[in-house]
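# Requesting a structural model of the entry that follows:
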Amino acid sequence: MSDPLQYTFEDAQRQQLRDGVALSTAAKVAWFEEMVALAVRFEARDRLAEPSHSPLADSRVS
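Now for the predicted structure:
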């Protein structure tokens, strides 16, 4: 597959998975640490922990 415009979505998805598998362990750890740092920076964990942002908040029975 030399022309990226000829890729199907499934082709691109498979290639992305192959690229991920080919990463070294150090690169995978570095990627994970970067994602955690982004979550901390934008306080994603704290916002999601609040009851008003819970996906189950509206379906709870009181």
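# can we go C-alpha only for contacts and neighbour counts from here?
Noted.
# Low-confidence bits of this protein, can you list those?
Where the chain drops to pLDDT under 70, the residues are 1-2, 4, 45-62.
# Please, where are all the helices along it?
With helices called from DSSP state H, the chain shows them at 9-22, 25-41, 44-49.
# so which of those comes closest to Asp3?
Each of those was scored for nearness to Asp3 using Cα to Cα, and the closest is helix 9-22 (11.7 Å).
# re earlier: could the helices of the chain go into a markdown table alongside distance to Asp3?
Conversion of these to a markdown table gives the following (distance: least, Cα to Cα, whole Å):
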| stretch | distance to Asp3 |
| --- | --- |
| helix 9-22 | 12 |
| helix 25-41 | 27 |
| helix 44-49 | 38 |
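# Format the ones you listed as CSV; extra columns: mean neighbour count.
Output for these, formatted as CSV (neighbours: other Cα atoms under 10 Å):
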stretch, mean neighbour count
helix 9-22, 11
helix 25-41, 12
helix 44-49, 12
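# any idea how far Phe32 is from Leu17?
16 Å (Cα to Cα, to the nearest Å).
# do the same with Tyr7
As it turns out, when the distance is counted by Cα to Cα, Tyr7 lies 15 Å from Leu17.
# What of Glu34?
In this structure, Glu34 and Leu17 are separated by 19 Å, where distance is defined by Cα to Cα.
# same check, this time on Ala30
From Ala30 over to Leu17 the distance is 17 Å, taken as Cα to Cα.
# again, but for Leu23
Taken as Cα to Cα, the spacing of Leu23 relative to Leu17 amounts to 10 Å.
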